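Participant: Sequence first, predicted model second:
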Amino acid sequence: MRVLVACEFSGVVRRAFAALGHDAWSCDLLPSEDCSNHHIVGDVRDILGDGWDLLMVAHPPCTRLCNSGVRWLAEPPPGRTLEQMWAALDEGAALFSDCWNAPVPRVAVENPVMHKHAKARIANYQAPAQTVQPWWFGDPAFKATGLYLRGLPPLRPTKRLCPPRPGSVEHKLWSRVHRMPPGPHRARERSRFFPGIAAAMAEQWGGAA
């Protein structure tokens, strides 16, 4: 299949599909971290109509769409205005909407739980088909991930791990995504995809009819 992995600079999902023989490409505003020649730098919306069989949106900008950021729509953070916050919401919802409604037969969009203002701005919005955890697929981490699916079946867990005891050192390590300190690279690091989930996507969706 011709597979487009949008909003991905790391190449984790692209490589998972390519390893199974698919013509996989990634696209992001950032250059590819692995210097691949199967990476397109630019706005994914410019290439959505280029004949893809499957569109996987690995991590669209979700700061303004998810529940954790809804408070900023009432009281903006220092240095920002309400107008800027709502404009950012509109921009994020437009990208999600364009990808979700792309002329591609199979679409998967990864995103956290959305608030009501985001849902209202997305054309043909549907609730996520499932919410998965990295540790269901062999990745020792906590990060609830909503999968919005069109033309694809829900993922089946492949390698469930046993979560560590709350309060233990190992539990804190599994929670590293949520415990990342503020900084210029926080959003970039939090957006990294998990190899176990990527492998499951390629194996289970790569042959989807």
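Facilitator: Perfect, I can see it now.
Participant: Any idea how many residues pack against the nearest residue to H171 once chain neighbours are set aside?
Facilitator: In this structure, H171 finds its nearest non-sequential neighbour in P164, 4.3 Å apart by C-beta to C-beta, 6 or more residues apart in numbering. To be clear about C-beta, it is placed using only N, CA and C from the backbone, and glycine gets the same treatment. Residues near P164, counting by other C-beta atoms under 10 Å, number 17.
Participant: got it, and the one 3 residues further on?
Facilitator: G167 has 7 neighbouring residues, counting by other C-beta under 10 Å.
Participant: and what of the one 4 residues further on?
Facilitator: Using other C-beta under 10 Å, H171 has 13 other residues around it.
Participant: Between its first and last residues, how far does stretch 110-129 reach?
Facilitator: Length of stretch 110-129, first residue to last, C-alpha to C-alpha, to the nearest Å: 11 Å.
Participant: so the spatially most central residue of the chain, which of the three states?
Facilitator: In the chain, the residue lying closest to the centroid (C-alpha atoms, centre = their mean) is H59, at 2.5 Å. Per DSSP: H, G, I helix; E, B strand; the rest coil, the secondary structure class of H59 is coil.
Participant: measure it to L95 for me?
Facilitator: When distance is defined by C-beta to C-beta, to the nearest Å, H59 is 11 Å away from L95.
Participant: Likewise for Q133?
Facilitator: Q133 sits 25 Å away from L95 when distances are taken as C-beta to C-beta.
Participant: which of these two has more neighbours?
Facilitator: Between Q133 and L95, L95 has the larger neighbour count (other C-beta under 10 Å), namely 22 against 19.
Participant: Can you spell out which helices and strands pack onto the helix or strand containing the more buried one?
Facilitator: Using DSSP states H and E, L95 sits in helix 82-100. Here helix 82-100 touches strand 54-57, strand 106-111, helix 116-120, going by 3 or more C-beta pairs under 8 Å, 6 or more residues apart in numbering; DSSP states H and E.
Participant: Output the ones you listed as JSON lines; include the columns mean neighbour count.
Facilitator: As requested, the helices and strands packed on helix 82-100 are exported to JSON lines (neighbours: other C-beta atoms under 10 Å):
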{"stretch": "strand 54-57", "mean neighbour count": "26"}
{"stretch": "strand 106-111", "mean neighbour count": "22"}
{"stretch": "helix 116-120", "mean neighbour count": "14"}
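Participant: For the ones you listed, give me TSV that also has distance to A127 and mean pLDDT.
Facilitator: As requested, the helices and strands packed on helix 82-100 are arranged in TSV below (distance: least, C-beta to C-beta, whole Å; pLDDT from 0 to 100):
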stretch	distance to A127	mean pLDDT
strand 54-57	16	94
strand 106-111	11	93
helix 116-120	9	90
